[in-house]
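>>> Predicted model and sequence below, questions to follow.
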Amino acid sequence: MRQAYAKRDGTIMHECKYIEADYFTEGFALLNTENGFTHINMDFSKPYPYYKWLTKYFYGWAAFESFHGKKGFVDYTHQKCIYLDFDGFSRFSADGLATFNKNGFYGIINQSGNIILSPTYTRLDVFSEGLALVEINSKCGYLNTKGEVVIPATWSNGLFFHNGLAVVCDSDNKSGCINNNGELAIPTKYSYLGPCADERICFKKGRKYGYLNIEGEIVIPPIFEEAETFSEGYASVQFNKKWGIIDTDGKYFVKPELEMTRQFYNGYSIVVKENTVGLLSHDGEITMYPQFRNIDYPYKDIMLVIKD
């Protein structure tokens, strides 16, 4: 497998001579090299420190472990560090908080390096919209950014909050949605519910998928064999074994004629047609790149590609 970074027109900008490269996020890409893990910037010139292991950036911070055994989070400059002795961690969220694990228990730290909650719970997920899923006595509820339980742990499982709603499961493993006050907004009667994105929630009825609105009403009937979460106003769906893209009204933006589509991200969807991989923009234009085996989402006109 040969990786490279290319422009959206297919022009190769940088050949990857690494063990593995990742796509760009927040202006940097993560590299696994013979010297360890490091980041690279978008002009492929400035060297950055190497680590025993390292993650990509999430809201300005990457988790690391140095060759000397120190652990924590580092900022874009690799000069500002939060040192934290953890066994496991989550990425920072838009709330400025990350959860970390020590000796089997999870706590909360902020971007100033202050521990908001010492390791207390056996499960604590990433914060979203000011709330994080927590497990207490084998049941799930939600904490606020102060580490306080604000939605009691009464559910068998739950997901992140999106647009004020989170999917939860009852004791019969049926899914519904609660609002950020913990009130049941959509009854727990579905075998599957996806996250609420663009005010649409993917649901499953029998073997088919459709979409609800935030009031729990069916707005796109369950006619699809597979269906993805909405992103940037569109969702990828499979109909008659072919993939297409619909808008929030259920109208086809791209007819189901493709071998594969992925959700929109940074203005583009990745599509496969006649064994060629390409990008689909919001204006409906598909640009194919038959010279590449695979491509990733572009970030400011730069994308990671896999060459034959």
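Looks like it arrived, so ask away.
>>> End to end on stretch 54-70, go ahead and measure it.
12 Å (C-alpha to C-alpha, to the nearest Å).
>>> what's it in contact with?
22, 25-30, 36-39, 50-53, 71-76, 82-83, 89, 91-94, 96, 98, 111 (C-beta atoms under 8 Å, 6 or more residues apart in numbering). Bear in mind the C-beta positions are built from the backbone N, C-alpha and C, glycine included.
>>> just stretch 75-90 next, same as before
With C-beta under 8 Å, 6+ apart as the contact definition, stretch 75-90 has outside contacts at 26-28, 39, 48-49, 57, 60-61, 63, 70-74, 98-104, 109, 111, 113, 124-126.
>>> can you check stretch 161-180 too?
128-131, 133, 140, 142, 151, 155-160, 184-197, 199, 201, 214, 216.
>>> residues in contact with residue 48?
38-41, 78 are the contacts of residue 48 under C-beta under 8 Å, 6+ apart.
>>> still on that earlier bit, please indicate which of the contacts of stretch 75-90 are buried?
The neighbour-count criterion (16 or more other C-beta atoms under 10 Å) marks 28, 39, 48, 57, 61, 63, 71-74, 98-101, 109, 111, 124-126 among those as buried.
>>> strand partners of the helix or strand that contains residue 142, parallel vs antiparallel please.
Under the criterion of DSSP states H and E, residue 142 resides in strand 139-143. With DSSP bridges as the test, strand 139-143 is paired with strand 132-136 (antiparallel), strand 149-155 (antiparallel).
>>> how about those strands in JSON lines, adding mean pLDDT and mean neighbour count?
Output for these, formatted as JSON lines (pLDDT from 0 to 100; neighbours: other C-beta atoms under 10 Å):
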{"stretch": "strand 132-136", "mean pLDDT": "98", "mean neighbour count": "22"}
{"stretch": "strand 149-155", "mean pLDDT": "98", "mean neighbour count": "17"}
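>>> Compare those and give me the one nearest residue 221.
strand 149-155 (28.0 Å; C-beta to C-beta).
>>> Now do that closest one: distance to the chain's middle.
24 Å (C-alpha atoms, centre = their mean, to the nearest Å).
>>> Just after that strand, pick out the following helix or strand.
Immediately after strand 149-155, counting by DSSP H and E, sits strand 157-162.
>>> Okay, buried residues for that following strand please.
Across strand 157-162, burial judged by 16+ other C-beta under 10 Å covers 158-162.
>>> returning to that earlier point: make a PyMOL selection of the buried ones in the contacts of residue 48.
Typed into PyMOL, the line below selects the buried ones among the contacts of residue 48, using 16+ other C-beta under 10 Å:
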select buried, resi 38+39+40
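>>> which of the contacts of residue 48 sit farthest apart?
Pairwise over the contacts of residue 48, using C-beta to C-beta, the maximum falls at 40 and 78, 12.2 Å.
>>> returning to what we had before: please identify the one among the buried residues of strand 157-162 that lies nearest to residue 290.
Lowest distance from residue 290 to the buried residues of strand 157-162 (C-beta to C-beta) belongs to residue 162, with 36.2 Å.
>>> Which pLDDT does the model give the nearest residue to residue 94 once chain neighbours are set aside?
Setting aside the residues directly before and after it, residue 94 is nearest to residue 59 in space (C-beta to C-beta, 6 or more residues apart in numbering), at 6.2 Å. pLDDT recorded at residue 59 is 96.
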